[in-house]
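S.K.: Here is a sequence together with a model predicted from it:
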Amino acid sequence: MGPKKQSSMRLWLRQMASSWAPYAALAGVVYGCATPERLAKRIVTAPNVQHPPSAGMVDRWVQALGAGEDPFIYYNVPVGPPEATLALMELPPADYHLEMVSSIRKRSNGRADFEFKMERQVPATTTRVPARGTIFVLHGYGSRKEVMVPWAFALAKSGYRVVLPDVRGHGSSTGQTFTCGKQEAADLAQALDYLRTKPGHRGEVGVLGLSFGADLALQWAARDARVASVVAIAPYNHPDDALIRFAHAVGVPVGAATVREAMRRAGARFDLDWSELSGEYNVRRLTRPVLFIGGGNDAISPPADLEALEQAAPPGSNRIMIPEANHFAVAFCFYRIEAPVTGWFENHLPASADVAVTPNSGAEASAAGSDHTRGDKGR
């Protein structure tokens, strides 16, 4: 019989949906007077400005996953212009002996519950694994890097050094505006510039993104040849369509004409060409295949969007659909996608020739590293 396990974290879909929902700020304006000007202002205002984040819960979550110790290394990276500071978490490659367990259970009334948990072996151990390279993991709009921690542990087990950034204006990062990827992709390139001065980050990188994070991954890859492989989970094609679908999904009474006019005004304010921020536009600029993952019940990034993106993608791209999953569950259906995702990176992300010695614990990483913070985590 193997080691005993205990549940270290349990998340229910309905408890997390508000954190993952793209363009969640929409709900705050349309229940008042949903004028295009008010909505445009909300679209380009950073989520942290509209709803300052609270870090206490996620701090306790990360500590619980580390069995009382925090295995992450923390960086604060200046980016811009406009000036901002990105908060990054880095998980060194190792097997932290955490198992991802997820399921979707149908009720008798036809509705379904999604359950996800991470189980840690007892006693807790950390096992070194051969280092392969670096993967960035990107959260969705209105969310934060800690939501994607399960993917950090899953990929670290396969030998990857995993970097989780808070996008500008999200989580512990600063920034006043949101530009749907135009500035955010430039920020990520600058963050990679910074990390390439550190051991283990000299080769090409992979990127996994969820929702807006998936589209951001495609934009970054289209601009930066150092991004060798992308896994896009629940990407949308056109931002305005995604915003309209989200409004309908959550029952917000705003019309498509109001949304499109608001997007036009928001674009004029920051010189945003929405056509160049679409998923299809950026996929067509790629030269390397992409793995797309979607949910059959996703009303925000529907199957038709993923089909269009796959058709526009370079040869060798692939699409995985999970019929029972919606927008909020699809990224955490590990029972269906963990093996394909890790296999994709193993086949499409070249192993880095510059890999640092893998520490046995976050404490060793802290002692070996430089210019990173622990404890205050940049907050």
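M.R.: That came through, no problem. Residues are numbered from 1 along each chain as shown.
S.K.: Now do the helices in the stretch 251-379 of the chain.
M.R.: Taking DSSP state H, counting those that start in this stretch as the criterion, the stretch 251-379 of the chain carries its helices at 256-270, 279-283, 303-312, 334-348, 362-368.
S.K.: any chance of these in CSV, plus mean pLDDT?
M.R.: Below are those laid out as CSV (pLDDT from 0 to 100):
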stretch, mean pLDDT
helix 256-270, 93
helix 279-283, 98
helix 303-312, 98
helix 334-348, 97
helix 362-368, 34
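S.K.: Identify, out of those, the most deeply packed stretch.
M.R.: helix 279-283 (a mean of 23; mean count of other Cβ atoms under 10 Å). Quick note: C-beta positions are derived from backbone N, CA and C, even for glycine.
S.K.: which SS class is Ser229?
M.R.: Classification of Ser229 using DSSP: H, G, I helix; E, B strand; the rest coil returns strand.
S.K.: any idea how far it is from Ala191?
M.R.: Distance, Ser229 to Ala191, by Cβ to Cβ, to the nearest Å: 18 Å.
S.K.: Among those two, which residue is more densely surrounded?
M.R.: The neighbour comparison of Ser229 against Ala191 (other Cβ atoms under 10 Å) goes to Ser229, with 24 against 19.
S.K.: what residues are up against the more buried one?
M.R.: 204, 206-207, 288, 344-345, 348-349 (Cβ atoms under 8 Å, 6 or more residues apart in numbering).
S.K.: For the residues you listed, give me CSV that also has distance to Thr127.
M.R.: Converted to CSV, the contacts of Ser229 look like this (distance: Cβ to Cβ, whole Å):
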residue, distance to Thr127
Glu204, 26
Gly206, 22
Val207, 26
Arg288, 31
Trp344, 23
Phe345, 20
His348, 25
Leu349, 22
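S.K.: just those now: which is nearest Ala329?
M.R.: Closest approach between the contacts of Ser229 and Ala329, by Cβ to Cβ: Trp344, at 20.1 Å.
S.K.: any residues touching the helix or strand containing Gly206, and which ones?
M.R.: Assigned by DSSP states H and E, Gly206 belongs to strand 205-210. Identification of contacts with strand 205-210 by Cβ under 8 Å, 6+ apart yields 20, 133-140, 143, 148, 151, 155, 160, 192, 215-218, 220-221, 226-235, 331, 341, 345, 348-349.
S.K.: for the stretch 151-300 of the chain, which spans come out with low pLDDT?
M.R.: Along the stretch 151-300 of the chain, the model assigns pLDDT under 70 to no residue.
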